[in-house]
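# Sequence first, then the predicted structure:
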Amino acid sequence: MDFLTQGQLAYLTNLRHALHRTPEVSGQERETAARITRELQALGPDRIWQGLGGHGVAAEFKGAKPGPTVLLRCELDGLPIRELSSLPYRSEVPGQGHLCGHDGHMVSMLGVAMALAQRPATGRVIVLFQPAEETGAGAQAVIEDARWPELRPDFAFAYHNLPGRPLGEIGLRPGPGNCASRGMQVLFEGKSSHAAAPEDGLSPAVAMAALMTELPALSHGAIGDADFALATLTHAKLGEPSFGIAPADGELRVTLRSMTNARMDEMVAQAQTLVAARTADLRSDVAWHDVFRAVVNDPDATEIARHTARAQGLALHEMAHPLRWSEDFGRFGDDGAKAALLYIGAGTDHPQLHNPDYDFPDALIPLTAGLFHGITRSLLGGPEA
């Protein structure tokens, strides 16, 4: 981990604070991507791609001999959450904040890119700064980009910081690591009427009341069970605030969550059946948002990360269960890469992800950069290999 000089570490820390001040939400990461591009250009990679899947940026560091392609991925986007802190570098953008740590993830991978000025012995490293992770759209958009075949990796690695675990602890879990999830939006359209004559209208109230019980009842089991399912009612709206109108319109929002993609397919079918049964006399429409596939960590890639972490003397945590929250990194495994997402402790008393007072721990920058640089060397060798 001492491959970063004190000057480089100070630079990366200051850069992280600068990125923290100016967050951009999913799909709007134009200035963040431009800043990352300038940083990469200064490091002299063999190639840079811009505008991947939106505002994504990637850089290639190529070895002298043929070998596998290793993708290191991080995220560009912040959150539409107001930051509440007294930090000197707190967000300057009203209603937006880097409250998930993507600013820290970015500078970690830039630290690896600094070290890759000394090229790998074989193959190549692609450092990807991906857009729109928070909505679940970014990884798929990158993969659907016409230039993706030029980048497609054999191995893919990423990490997410994890509050509640000891600072710097490396969490590993082969197999399911993060749940699949998606947002279900149900719109109802009936017929309004005078509140004194509700029988002359068609209110969605009865259907909505039933579904507000039936959809959450799709929940089953506990995390770690193959048939685990969780359906969470997140929003309900019926008509407009009034005493004189029996409502015509309504909306429900429910988040579905499962440990496997196959279980998610079952939940989607069950939820759609319930809506159809309750809306035979109404017009209804179901739309899906924030669609995340499950992260399923490849055993070989996970073992490479485990071996590297042990060699660097880092504390390991073999995770018994996957995490209930979602991450769109799973798309890279679906695309054929041997992929592993690592879960790196941010501190036992650290504010949780998406809390308004969350801030990425700067102490993780050298540790994570060193770990991922070590992973590339274990697969591709170094300049003296």
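Sure thing, it's come through.

# Tell me where the stretch 201-350 of the chain has helices.
Per DSSP state H, counting those that start in this stretch, the stretch 201-350 of the chain carries helices over the ranges 205-214, 261-278, 299-311, 330-334.

# What ranges in the stretch 251-385 of the chain fall below the confidence cut-off?
The model of the stretch 251-385 of the chain has pLDDT under 70 over residues 383-385.

# residue ranges of the helices in the stretch 1-150 of the chain, please?
6-21, 30-41, 102-115, 138-144, 148-151.

# Quick one: closest of the ones you listed to residue 323.
helix 102-115 (16.1 Å; Cβ to Cβ). (C-beta placed from N, C-alpha, C; glycine too.)

# before we move on, the earlier item: quick one, which of the helices of the stretch 201-350 of the chain is packed in tightest?
helix 330-334 (a mean of 23; mean count of other Cβ atoms under 10 Å).

# can I get the CA coordinates of that one in CSV?
Coordinates of each C-alpha in helix 330-334 appear next as CSV, following Å, rounded to 0.1, in the frame of the first residue of the first chain:
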residue,chain,number,x,y,z
GLY,A,330,-24.1,-7.6,-11.0
ARG,A,331,-24.6,-6.7,-14.7
PHE,A,332,-20.9,-7.3,-15.4
GLY,A,333,-21.1,-10.8,-14.1
ASP,A,334,-24.2,-11.4,-16.2
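
# Give me the contacts around that helix.
Helix 330-334 has contacts (Cβ atoms under 8 Å, 6 or more residues apart in numbering) with 71, 73, 139-140, 143, 153, 156, 178, 180, 292-298, 339, 341.

# What's the separation between the spatially closest residue to residue 77 that is not a sequence neighbour and residue 205?
Excluding the flanking residues, the one nearest residue 77 by Cβ to Cβ, 6 or more residues apart in numbering is residue 26, at 4.5 Å. With distances taken as Cβ to Cβ, to the nearest Å, residue 26 is found 34 Å from residue 205.

# Likewise for residue 249?
In this view, residue 249 and residue 205 are 11 Å apart by Cβ to Cβ.

# any common contacting residues for those two?
By Cβ under 8 Å, 6+ apart, the residues touching both residue 249 and residue 205 are residue 238.

# Show me how this protein divides into domains.
6-177+294-380, 180-292 (automatic domain parsing).

# Of those, which stretch is the most buried?
It is domain 6-177+294-380: most buried of the domains of the chain by mean count of other Cβ under 10 Å, with a mean of 20.
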